[in-house]
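**Student:** would you be able to build a 3D model of this:
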Amino acid sequence: MTAQLRVGIPPVGMNARLLTVNFIAKIFENPRIEVEILNPNIVLITADTIDQLTSAINSTIKEIGNRLGKKLEKGKIQDFFMHKNDRNTFGKLIGQNLSKGARFCETLATALQRVNLMWNDLQKLEPAYIIEKPQEIILGDKDFALPMEILYERYEAKYEFLKGRGGRKIKFRGSRAWLYILLSGFALGYGGIYGNEMLQVYLSEDILSKENIEVIKLLIGEGGVIDIITTLRVPPRPVIPYFLYITCEVLKIFREKGLISNLLKGPSIIQIDRVSVGRAISLIEKLVLDLSPFLERLNKLEELYEHKKIKRSPLKWISNKARRTITLLWQGNPGYGAYSKLMIEIYNILQGASEPIDLCYYALREVAEFEVAKLEETSPAKASKYLHEEATNIEEFLKAFMII
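**Tutor:** Reported below is the predicted structural model:
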């Protein structure tokens with residue numbers, strides 16, 4: 001007799017829903033269980049036995065914790081100090097008192113790797129309900145206060161769920177199983193912290209289907225798109241250069257793996273939240289990035305280089321320019337304006353909204369001359385070489401667009 005578990009996805013508008021989608025996408029990878037989306041709010045997980053189903057969920061959570069721990073050890077992401085309220089929650093979860101200097105992600109990785117959910121715990125994953133008075137949202141049970149970093153809409157001043165600003169603050173509580181699910185979704189998409197700004201990455205729930213299983217694996221699996229984005233060590237500002245840089249990096253890695261055809265088969269929609277972390281937690285900006293059309297266009301350009309129809313890699317050139325733009329912004333360099341306009345032109349060309357010839361003129365007249373002026377201060381010979389190289393790059397870029 002098969003074992004089945006119904007998981008209720010929290011309501012639209014809750015950050016908990018996004019975190020749950022991240023976790024559900026991850027368990028699609030597990031060959032020991034079947035995942036079916038019954039409707040937008042219910043997921044059915046099936047296994048041969050209760051022990052197999054329970055084991056599969058626990059092992060998935062442990063794997064997520066292990067990946068987070070490795071990223072921290074290798075310095076691929078940065079950690080931050082845990083709030084006092086969260087120390088109480090995590091202390092209760094792992095059964096030990098936490099010191100004032102406890103780090104959030106380090107403690108999270110440990111908690112996920114120690115998970116041992118039982119069948120009775122998992123059966124509390126279906127309900128997600130709202131109690132109006134007092135304003136309180138309960139996921140499964142009232143066992144734990146949910147950490148503010150994973151449900152930052154709770155901490156917006158005078159924010160009431162479904163009613164906008166002007167209401168009372170929300171109280172969030174959840175069962176042990178729900179806490180592990182949400183923390184797992186957070187760990188999968190945690191993109192580091194920059195000053196007092198945290199990045200969190202989510203998959204679109206539109207990707208959740210059996211037909212997209214191969215794409216899901218490429219997005220959520222180890223070394224996949226989520227891993228690439230969360231370990232870039234670059235905050236998403238300015239948006240267009242950041243978007244193009246991500247797209248180029250994702251494309252380069254999957255071309256190297258020989259998996260680009262699989263990646264191009266389905267949607268690659270990513271949401272990135274910029275969240276202010278400090279005494280108060282609040283959402284700064286929500287970015288939704290659809291990589292799919294740009295991956296396809298950039299791949300066609302790179303194939304021309306691969307087949308020796310052009311001499312230079314458009315992918316490498318665009319990636320370098322995007323990274324340079326981001327760096328100039330963070331340095332407060334006056335050359336940022338020229339580079340920013342260049343990236344907007346590249347973005348428009350890839351969408352078919354601008355002419356490549358205009359970009360080529362601007363790239364040589366404004367951007368290349370900016371770099372040459374700097375080089376001439378120390379080495380006229382290097383300046384001349386750079387200008388020659390850049391002219392060749394731009395000529396090949398224009399040739400590529402004339403071919404496709």
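
**Student:** report the separation between residue 219 and residue 291.
**Tutor:** Residue 219 sits 10 Å away from residue 291, going by C-beta to C-beta, to the nearest Å. Where you see a C-beta, it was placed from the backbone N, CA and C, and this is true even at glycine.

**Student:** more crowded one of these two?
**Tutor:** Using other C-beta atoms under 10 Å as the criterion, residue 219 and residue 291 rank with residue 219 on top: 28 against 21.

**Student:** before we move on, back to that, name the residues contacting each of residue 219 and residue 291.
**Tutor:** Shared contacts of residue 219 and residue 291 (C-beta atoms under 8 Å, 6 or more residues apart in numbering): 225, 268.

**Student:** poorly predicted segments of the protein, please.
**Tutor:** For the chain, the stretches with pLDDT under 70 are 1, 127-128, 130-135, 153-170.

**Student:** tell me what the helix or strand harbouring residue 21 is packed against?
**Tutor:** Residue 21 is part of helix 15-27 when elements are defined by DSSP states H and E. Judged by 3 or more C-beta pairs under 8 Å, 6 or more residues apart in numbering; DSSP states H and E, the packing partners of helix 15-27 are helix 50-73, helix 176-189, strand 197-203, helix 213-220.

**Student:** dump those to CSV, plus distance to residue 123.
**Tutor:** Shown next, in CSV, are the helices and strands packed on helix 15-27 (distance: least, C-beta to C-beta, whole Å):
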stretch, distance to residue 123
helix 50-73, 10
helix 176-189, 8
strand 197-203, 26
helix 213-220, 25
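
**Student:** deepest of these, which one?
**Tutor:** Counting by mean count of other C-beta atoms under 10 Å, helix 176-189 has the highest mean neighbour count of the helices and strands packed on helix 15-27, with a mean of 26.

**Student:** then the helix or strand following it to CSV, C-alphas only?
**Tutor:** Next helix or strand after helix 176-189 toward the C-terminus (DSSP H and E): strand 190-194. Output in CSV follows, covering the C-alpha atoms of strand 190-194 (Å, rounded to 0.1, in the frame of the first residue of the first chain):
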residue,chain,number,x,y,z
TYR,A,190,19.9,32.5,0.3
GLY,A,191,22.2,34.8,-1.8
GLY,A,192,24.3,36.4,0.9
ILE,A,193,24.3,39.7,2.7
TYR,A,194,25.8,43.0,1.6
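
**Student:** just want the angle from strand 190-194 to helix 50-73.
**Tutor:** Going by axes from the mean of the first three to the mean of the last three C-alpha atoms, to 10 degrees, strand 190-194 is angled at 30 degrees with respect to helix 50-73.

**Student:** just grab the bridge partners of the spatially most central residue of the chain for me.
**Tutor:** Centroid check for the chain by C-alpha atoms, centre = their mean gives residue 201 as the closest residue, at 2.7 Å. Note on residue 201: beta-bridge partners residue 272, judged by DSSP bridges.

**Student:** between the helices and strands packed on helix 15-27, which one is nearest to residue 40?
**Tutor:** Proximity to residue 40 (C-beta to C-beta) singles out strand 197-203 among the helices and strands packed on helix 15-27, at 14.9 Å.

**Student:** residues in contact with the closest one?
**Tutor:** Strand 197-203 is contacted by residues 18-19, 21-22, 25, 80, 149, 185-186, 189-193, 216, 219-220, 226, 229-230, 235-236, 269-277, 284 when judged by C-beta under 8 Å, 6+ apart.

**Student:** out of the residues you listed, which are buried?
**Tutor:** Among the contacts of strand 197-203, those scoring as buried are 18-19, 21-22, 25, 80, 149, 185-186, 189-193, 216, 219-220, 226, 229-230, 235-236, 269-277 (criterion: 16 or more other C-beta atoms under 10 Å).

**Student:** circling back: following the chain onward from the helix holding residue 21, which element is next?
**Tutor:** Heading C-terminal from helix 15-27, the first helix or strand you meet, by DSSP H and E, is strand 34-39.

**Student:** packing partners for that next one?
**Tutor:** Short answer (3+ C-beta pairs under 8 Å, 6+ apart): strand 34-39 packs on strand 42-47.

**Student:** so what strands line up beside the strand it packs on?
**Tutor:** Partners of strand 42-47 in its sheet, by DSSP bridges: strand 3-8 (antiparallel), strand 34-39 (antiparallel).

**Student:** with mean neighbour count added, can I get those in a markdown table?
**Tutor:** Formatted as a markdown table, the strands paired with strand 42-47 follow (neighbours: other C-beta atoms under 10 Å):
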| stretch | mean neighbour count |
| --- | --- |
| strand 3-8 | 18 |
| strand 34-39 | 14 |
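
**Student:** which residue ranges make up the domains of this structure?
**Tutor:** Taking automatic domain parsing as the domain assignment, the ranges for the chain are 1-194, 302-403.
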